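Visitor: give me the fold of what follows.
(one chain, ligands or ions: 1)
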Amino acid sequence: MLKYLFGRRSSYLNTETIDKVQSLCRSIEDEIDRSNLHREIVQLFDRLLKSHSNKSPRSILQEHMNFSINKGLSQTHSQGVFLDYGQINKAGQLVAIYPGTIYRRHIDPLLLPSIRNRFLLARKDALIIDGRDRGLSRSIYLSCHARYPSYDKTWLSQDVFLHKNPLTLGHYINHFPSDGLPNVTYHEFDFNFNDNAYDLYRFVPNVRYTDTDMGDNDKGMPSVVLISLRPIKQGEELFSCYLNIIQGNEKS
Ligand SMILES: C[S@@+](CC[C@H](N)C(=O)[O-])C[C@H]1O[C@@H](n2cnc3c(N)ncnc32)[C@H](O)[C@@H]1O
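Guide: From the prediction side, this is the model:
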C-alpha cells in the first residue's frame with residue numbers, strides 16, 4: 001500500500017511482527033468509511049474557515065475533535081509527534097495529514113529532491129508525497145504552490161502555532177520502536193470538495209508538482225491521512241509502520 005522509499009529495515013521486524021502489524025492495519029483500514037472520513041474533514045475545515053480570528057486552529061481542533069498533536073523529542077529518533085491534548089477514543093479516527101508535493105513516480109523529476117530525503121511517502125497509485133519542509137523540497141513546494149495559492153503552505157513553518165491546519169504533522173511521525181506497536185496507520189485519501197465548498201482547499205497541505213488536467217479522472221488533491229489503530233492517551237507518541245506494505249500483496 002504505502003511505503004517509505006528510503007526507510008530503514010530494522011532487525012526486530014521479523015515476519016511474525018510484520019504479519020501482526022499488517023493484519024492490525026488491514027483490519028482497521030477495512031472498516032474505514034470513506035464518506036464518513038470525508039464528512040469529518042469537511043466539518044473540521046469548515047470550523048477552521050468560519051472561526052473567529054482570536055481562536056487558534058489548534059484550539060478549534062481541541063474543541064471540535066477533543067485532541068491536538070504537536071512535535072516533540074522522540075523516544076526513537078530526533079523529533080516525533082505526540083498527542084499533546086485530549087485523547088483519541090477509538091480506532092479508525094483521523095489523527096493527522098501528510099503534507100507535501102505530489103509527484104508521479106517515474107514521470108516527474110524527483111531525483112534531486114530525493115537526495116538524503118527521509119520524508120518521501122509512496123501511494124499505491126504511484127504518486128509520491130515529498131513532505132520535507134526544508135531545502136530544495138521546500139523551494140519546490142513553494143514554487144508549485146504559486147499555482148495553487150489558496151492552498152496551505154503554513155505547514156512549512158517549524159512553529160506549529162502558525163499552522164493554518166493543525167493536523168499537518170503526519171510527516172514527522174516515526175516508525176514504531178522495538179518494544180511497541182504502531183498506534184496509527186497511513187490511509188490514502190483525496191481531498192475533493194464541491195464548487196460551493198472550494199474555500200476548504202485552503203486547508204489542504206498538498207500541491208501537485210505537475211499541473212495535469214485529470215479530466216473525468218480528477219481526484220481532487222491526492223494525499224495521505226493518518227488513522228488511529230486504537231484509543232490513544234494524552235502524552236503518547238504517535239508511531240506508524242514504515243514497512244506495512246513492503247510485505248503486502250503487491251510488491252512495488
Ligand atoms: C519522516 S522522518 C520522521 C521524522 C524524524 N524523526 C525527524 O526528526 O526528522 C523518517 C526518518 O526518521 C528516522 N526514524 C523514524 N523512526 C525511527 C525509528 N523507530 N528508529 C530510528 N530512526 C527512525 C529515520 O531516519 C527515518 O528515515
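Visitor: what's the neighbour count on the residue lying closest to V21 once chain neighbours are set aside?
Guide: If you skip the residues right next to it in sequence, V21 has C241 as its closest partner in space, 4.9 Å away by Cβ to Cβ, 6 or more residues apart in numbering. Using the backbone N, CA and C atoms, a C-beta is placed for each residue, glycine as well. Residues near C241, counting by other Cβ atoms under 10 Å, number 26.
Visitor: who's in contact with C241?
Guide: With Cβ atoms under 8 Å, 6 or more residues apart in numbering as the criterion, the residues that contact C241 are 21-22, 25, 175-176, 182, 185.
Visitor: show the subsequent helix or strand relative to the helix or strand T101 falls within.
Guide: T101 is part of strand 100-104, with elements assigned from DSSP states H and E. Towards the C-terminus, the helix or strand next in line after strand 100-104, according to DSSP H and E, is helix 111-114.
Visitor: which SSE is immediately downstream of that following helix?
Guide: Beyond helix 111-114 on the C-terminal side, the first helix or strand identified by DSSP H and E is strand 120-122.
Visitor: C241 and H175, how far apart?
Guide: For C241, the distance to H175 (Cβ to Cβ, to the nearest Å) stands at 7 Å.
Visitor: any residues in contact with both of those two?
Guide: In terms of Cβ under 8 Å, 6+ apart, C241 and H175 are both contacted by the residues P182.
Visitor: does the ligand have contacts with stretch 114-126?
Guide: Yes. Among the residues of stretch 114-126, 118-119 lie within reach of the ligand under Cβ under 6 Å from any ligand atom.
Visitor: buried residues, that stretch. List them.
Guide: Buried residues in stretch 114-126, counting neighbours by 16 or more other Cβ atoms under 10 Å, are found at 114, 117, 119-123.
Visitor: pLDDT added to the residues you listed, as JSON lines?
Guide: As requested, the buried residues of stretch 114-126 are arranged in JSON lines below (pLDDT from 0 to 100):
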{"residue": "S114", "pLDDT": "93"}
{"residue": "N117", "pLDDT": "95"}
{"residue": "F119", "pLDDT": "95"}
{"residue": "L120", "pLDDT": "95"}
{"residue": "L121", "pLDDT": "94"}
{"residue": "A122", "pLDDT": "92"}
{"residue": "R123", "pLDDT": "92"}
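Visitor: quick one on the thing from earlier: next up, phi/psi of the residue nearest to V21, please.
Guide: The phi/psi pair for C241 (degrees, to the nearest 10) reads phi -120, psi 110.
Visitor: among the contacts of C241, which two are most distant?
Guide: Across those, no pair lies farther apart than Q22 and H175, at 14.2 Å, counting by Cβ to Cβ.
Visitor: hmm, who's touching whatever helix or strand L48 lives in?
Guide: Using DSSP H and E, the secondary-structure element containing L48 is helix 34-50. Helix 34-50 is touched from outside by 57, 60-61, 64-65, 94, 164-165, 167, 187, 189, 191-193, 197, 199-200, 202-203, 225, with contacts defined as Cβ under 8 Å, 6+ apart.
Visitor: which of the residues you listed count as buried?
Guide: The neighbour count (16+ other Cβ under 10 Å) marks 57, 60-61, 64-65, 94, 164-165, 167, 187, 189, 191, 193, 200, 202-203, 225 as buried among these.
Visitor: restricted to strands, list those residues.
Guide: Secondary structure defined by DSSP state E assigns 94, 187, 189, 191, 225 of the buried ones among the contacts of helix 34-50 to strands.
Visitor: wait, what's in contact with the third one?
Guide: In other words, F189. If you count contacts by Cβ under 8 Å, 6+ apart, F189 has them with 34, 37, 41, 223-225.
Visitor: please name the bridge partners of the spatially most central residue of the chain.
Guide: The residue lying closest to the centre of the chain (Cα atoms, centre = their mean) is Y98, at 2.1 Å. Following DSSP bridges, Y98 is listed with bridge partners V224.
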